[in-house]
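Chemist: below is the sequence, then the predicted model.
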Amino acid sequence: MNVSVAPTVEAAGLAAPRGGWLDRVSTLLYTRRGLLVGALIAPPLLWFGVIYLGSLFALLANSFFHLDDFSGQVVRELGLQNFREILEPANLDVAWRSITMATLVTLACIALGLPVAYYMARHARGAGKALLYVAVMLPLWSSYLVRLYAWKLLLAKEGAISWLAQALHLQWLLDAVLATPVIGGNSLSFSPIGTFLVFVYMWLPFVILPIQAALERIPPSLLEASSDLGASPLQTFRQVTLPLAMPGIAAGSIFSFSLTLGDYIIPQVIGNSTLYIGQVVYRQQGVAGNLPFAAAFSLVPILIIGVYLWLAKRKGAFDAL
Amino acid sequence: MRSDAARPAAPLGLRLATWAGVLFLHVPLALIVLYAFSSEDKSYVFPPPGLTTQWFGVALQRADVWDAILLSGQVALWATAIALVLGTLAAGALARTQFFGREAISLLLILPIALPGVVTGIALRSAYHTLEIPFSFWTIVVGHATFCVVVVYNNAIARLRRISPSLIEASMDLGANAFQTFRHVLLPQLGSALLAGALLAFALSFDEVIVTTFTAGQQTTLPIWMLQELIRPRQRPVTNVVAVFIIALTFIPIIAAYWLTRSGEDTPHR
């Protein structure tokens, strides 16, 4: 475009502006990398700084406001009322139940995901490997609500799992599970065990992929060295593979833990009426119109996940993300 | 040296566990497809007593379904467009540079996805509430765009790191300015990565429900429609059909995105 204009070398000798404002801007950006980076980062930084961080600050500010008991309006005065309310036994109970569920779901996801990740990283080759990868990735990206709906069909009293239990003459086992206090209930779709199953299903791909990536990075020569030195496959797995896969396991566990802790739809659709953190937040802001309390309560998962991230970072999870 | 021939085949237990895991992931999705053809219209009874395609016709006639699909499509298009611009800019700034605050910025981009959706949702709602912004189409778009940026960013930065800086230098040496270099050298190289990022961002926005419930007023996106059906089912067979439609609509962009980034990795200099 403007390239044909003859260059005139400036005394400074830095570059040769060839006329045309586009060229001049271009030269400026090329010679001053800082300016280029600044110009590139400004729009996203502005968006995230204003909208996202702004929202998080609004959340924090709202958590110190409170609801007027008589008018039901939000009173914009700073106070700690919401935080005192969080410490009430019923709310601590909700937080504790959510943490327990998140921990159990995470452990189950690792137990189920590890063999799949190991097979993908160590044994699958070529087309088989690509197929497995797509098979894990599709549910990860595909619709959350559709997958939840599928489980509603599966877990229902007249659904596929009951049918399977009857066909295999295992009805007694299903009944025994449902009769177990704490985890049982009317049917699978109205019990904590059902909630647990669906959580595990939902986040399993999020756990498999980081573990697979971590396993993939282990040089095979290390494993060969281990077996040359006389270790059994199990010993090699426990003492070489597992420690090296730890960053991936920690990274995957961040997803399953954080996603379980914040979810409010799964326990609402599948499960009995026991509450989890996300549901309390959702109901308080929606049905009760108590945005300040909802805001304060949503700081609980942020705090817990903050601690979790800090622990995971020490395990090297961030290098494996 | 890796010696595939000498490596023992996978133990039977491991193979079984792997395929059990894959089955666990896919049987529920297959079941949804089966139910869409079920002639049973009241309960979840398994196996379906008979098969029919009549519910596809019924679902096609439903205006509420079409409105929800249309709204979701529009939101996803806007969110994707914004994410495409912001994500590409951020990737361009953060690839191959070191500056103060770089780590903080990359963390900031990931945060809307790393934190539970309920936190992002209620944070945006608090902001709208504090600033007294009424709910609208755009309050949804802003939320979606915020968490879609990271998808485009991840794809773009991965590709940028593989593009040799000497290509850019050569272009500049040959007299192109920065904009020409971007247009003729960088963009063709980035193209498929950006397309993949955009497809994933679209799929992500099209499916998002948690942030949407906090940032939508009366608007019903497709996931909100689906959620209402989950809590208070109206016509179950229609829900089954819509579920199959959503599966199809999300699988296509995901597989396309996978294919786009994969072929880019295998043959970076094609």
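Modeler: Happy to help now that I have it.

Chemist: in stretch A:67-77, what counts as buried?
Modeler: Residues of stretch A:67-77 classed as buried by neighbour count (16 or more other CB atoms under 10 Å in any protein chain shown): A:67, A:74. C-beta coordinates here come from the backbone N, C-alpha and C atoms, glycine included.

Chemist: chain B versus residue A:92, what's the distance?
Modeler: Going from residue A:92 to chain B by CB to the nearest CB, to the nearest Å gives 18 Å.

Chemist: return the residues in contact with that residue.
Modeler: By CB atoms under 8 Å, 6 or more residues apart in numbering or on different chains, the contact set of residue A:92 is residue A:86.

Chemist: now the helix or strand harbouring it: buried residues?
Modeler: Using DSSP states H and E, residue A:92 sits within helix A:89-122. The neighbour-count criterion (16+ other CB under 10 Å) identifies A:91, A:94-95, A:97-99, A:101-103, A:105-106, A:108-110, A:112-122 as the buried residues of helix A:89-122.

Chemist: in a strand, that's where residue A:182 is, yeah?
Modeler: No. Residue A:182 sits outside any strand when classified using DSSP: H, G, I helix; E, B strand; the rest coil, being coil.

Chemist: ok, now which ones touch it?
Modeler: residue A:192.

Chemist: where's it relative to residue A:104, distance?
Modeler: 12 Å (CB to CB, to the nearest Å).

Chemist: what of residue B:9?
Modeler: Taking CB to CB, one finds residue B:9 at 34 Å from residue A:104.

Chemist: same question for residue B:249.
Modeler: 33 Å.

Chemist: once you drop chain neighbours, what's closest to whatever residue of the stretch 151-270 of chain B ends up closest to chain A?
Modeler: The minimum distance from the stretch 151-270 of chain B to chain A, using CB to the nearest CB, falls at residue B:177 (3.5 Å). Nearest residue to residue B:177 in three dimensions, chain neighbours excluded: residue A:26, at 3.5 Å (CB to CB, 6 or more residues apart in numbering or on different chains).

Chemist: pretty sure the one you found sits against residue B:178.
Modeler: Yes. Using CB atoms under 8 Å, residue A:26 makes contact with residue B:178 at a distance of 3.9 Å.

Chemist: more neighbours: the two, which one.
Modeler: residue A:26 (24 against 20; other CB atoms under 10 Å in any protein chain shown).

Chemist: mind telling me which residue of chain B is nearest chain A?
Modeler: Counting by CB to the nearest CB, chain B gets nearest chain A through residue B:116, at 1.9 Å.

Chemist: now do the same contact list for that residue.
Modeler: Per CB under 8 Å, 6+ apart, neighbours of residue B:116: A:258, A:259, A:261, A:262, A:263, A:278, A:301, A:305, B:210.

Chemist: next, format these as TSV and append neighbour count, secondary structure and pLDDT.
Modeler: Output for those, formatted as TSV (neighbours: other CB atoms under 10 Å in any protein chain shown; DSSP: H, G, I helix; E, B strand; the rest coil; pLDDT from 0 to 100):
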residue	neighbour count	secondary structure	pLDDT
A:258	26	helix	90
A:259	23	helix	90
A:261	28	helix	90
A:262	26	helix	87
A:263	29	coil	90
A:278	30	helix	90
A:301	27	helix	90
A:305	21	helix	88
B:210	25	helix	90
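
Chemist: which of those residues lies closest to residue A:71?
Modeler: The closest of these to residue A:71 turns out to be residue A:278 (CB to CB; 27.8 Å).

Chemist: contacting residues for the nearest residue to that closest one once chain neighbours are set aside?
Modeler: In space, and not counting its chain neighbours, residue A:278 is closest to residue A:264: 3.1 Å by CB to CB, 6+ apart. Counting by CB under 8 Å, 6+ apart, residue A:264 touches A:276, A:277, A:278, A:279, A:281, A:282, B:118, B:210.
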